[in-house]
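Asker: the following comprises the amino acid sequence and a computationally predicted model.
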Amino acid sequence: MPLTGTALKRVKIATRNRARKRPLRSEAKTRVRHAREAIAVGERDEAAGKLKDALRKLDRAATRGALHRRNAARRKSRIQRAFNKAFDV
């Protein structure tokens, strides 16, 4: 348990921030998973649409602070590379 008023306030703020950021992280991870599944199936048009959604959600999560910007950039790079490799872009 926090011993000072400041520590108690920080616990409250951290809890509130965690609750606000968790859905953003979850949605980004879900969209990336859907994009990877579409890439694996081999439907180029569907995969391109899902890739675009995933990139958008990763950018949004990074902008809102749910993911570190370099973490989001790394994930975007990996999924884009997988798309390019699968469809010989």
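Answerer: Everything's here; your move.

Asker: and the closest residue to Phe87 other than its chain neighbours, how many neighbours does it have?
Answerer: Distances taken as CB to CB, 6 or more residues apart in numbering put Arg44 closest to Phe87, at 5.3 Å, once the chain neighbours are dropped. C-beta: built from backbone N, CA, C; applies to glycine. Arg44 has 14 neighbours, counted by other CB atoms under 10 Å.

Asker: can you pull the pLDDT of Arg44?
Answerer: Looking at Arg44, its pLDDT reads 95.

Asker: do you know how far it is from Ser26?
Answerer: Between Arg44 and Ser26 the distance is 27 Å, computed by CB to CB, to the nearest Å.

Asker: likewise Arg20?
Answerer: 12 Å.

Asker: ok, now Asn84?
Answerer: 26 Å.

Asker: same thing with Arg10?
Answerer: To Ser26, Arg10 is 24 Å away according to CB to CB.

Asker: what's stretch 3-16 in contact with?
Answerer: Pro2 (CB atoms under 8 Å, 6 or more residues apart in numbering).

Asker: now the longest helix that the chain contains, how far from the centre of its chain.
Answerer: Longest helix of the chain, by residue count under DSSP state H: helix 5-41. Centre-to-centre, helix 5-41 and its host chain are 8 Å apart (CA atoms, centre = their mean, to the nearest Å).

Asker: which other helices and strands does the following helix or strand past that helix contact?
Answerer: Downstream of helix 5-41, the first helix or strand assigned by DSSP states H and E is helix 44-63. For helix 44-63, the elements it packs on are helix 5-41, helix 69-87, judged by 3 or more CB pairs under 8 Å, 6 or more residues apart in numbering; DSSP states H and E.
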